[in-house]
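A.B. asks: With the sequence up front, the predicted model follows.
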Amino acid sequence: MTQFQPTLFVPHGAPTFALRPGAAGAALSAMAGSLTLPRAIVIVSAHWDTAEPTVGFAERPETIHDFWGFPDELYEIRYPATGCREASEEVVAALKAAGLPVATDARRGLDHGAWVPLRLMFPDAEVPVIPLSIQSRGGPVQAYKLGQALAPLTEKGFLVIASGNLTHNLRDYQIAARNTGQTPAYVRQFTNWLADTLQAHDIDALLDYRRQAPGGAQAHPSDEHLLPLYVALGAGGENAEARRFHAGIDDYVIAMDAYSFLPKKGG
């Protein structure tokens, strides 16, 4: 019997998160361990950004080391994921059914926004993985629509994992690392606003975060690392209930909060 799956927003942090997973890594592992084994995983990473939604069809997606200047041991890591053509075709069909344009990519592998959390959550790589791109030019509205298109798949045993970070300002990281070593106030202000607004299910405010949230523009000089949150929210279904299962800050300015989304009972 196919089991209904929640949808997840998870952090991927800096690439060194793979080497030092800490409390956030433990939370991701515990969450994965609480789930019924999914039929397939749809992984949406902030680091695969295309003009239109694109679905990966690789039989064995390669591990992409899309970063530079990090410890050698990071480049030796491989996540031995497998794909599933049938599952990829179902993702394509779901996007088309929602009226979205869709492209396919037979060679796309898993960037660090995908394999770092997957390795923590499913270390045995026993579940087929289907990568799906974001469209940063479409902003939060497009990302939310993309998630809504995926919602029917959760009833078929697909686990949607969207990977980004609730704050992502690398310039502020450099300043903090060189000078203060302190977390700027906006990091907690912004993540607290998101927690409250998600709890209230105020979709209009969430989609307008750059104007309405304290520190929104500073938390995200560009949208791409927050867009996976909207994918997970949309995929959670109408009136999705948000549950924050981890909160924390790494590297001074990178919020590592993680959320699950499920339709409210009776909603």
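C.D. replies: Yes, it's here. Residues are numbered from 1 along each chain as shown.

A.B. asks: Distance from the helix or strand of the chain with the lowest mean pLDDT to the middle of the chain?
C.D. replies: When each helix and strand of the chain is scored by mean pLDDT, DSSP states H and E, helix 170-175 comes last, with a mean of 89. Averaging C-alpha coordinates over helix 170-175 and over its chain gives two centres that are 22 Å apart (C-alpha atoms, centre = their mean, to the nearest Å).

A.B. asks: CA atoms only for it, dumped as PDB, please.
C.D. replies: As requested, the backbone C-alpha atoms of helix 170-175 are provided in PDB (Å, rounded to 0.1, in the frame of the first residue of the first chain):
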ATOM      1  CA  LEU A 170      27.400  35.500   1.700                       C
ATOM      2  CA  ARG A 171      28.700  39.000   1.800                       C
ATOM      3  CA  ASP A 172      27.400  39.300   5.400                       C
ATOM      4  CA  TYR A 173      29.100  36.000   6.100                       C
ATOM      5  CA  GLN A 174      32.400  37.400   4.900                       C
ATOM      6  CA  ILE A 175      32.000  40.500   7.000                       C
END
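
A.B. asks: most distant residue from the middle of the chain?
C.D. replies: Among the C-alpha atoms of the chain, the one most distant from their mean position (C-alpha atoms, centre = their mean) is that of residue 179, at 30.4 Å.

A.B. asks: roughly how far apart are that one and residue 172?
C.D. replies: Remark: distance between residue 179 and residue 172 (C-beta to C-beta, to the nearest Å) = 11 Å. No exception for glycine: its C-beta is placed from N, CA and C like everyone else's.
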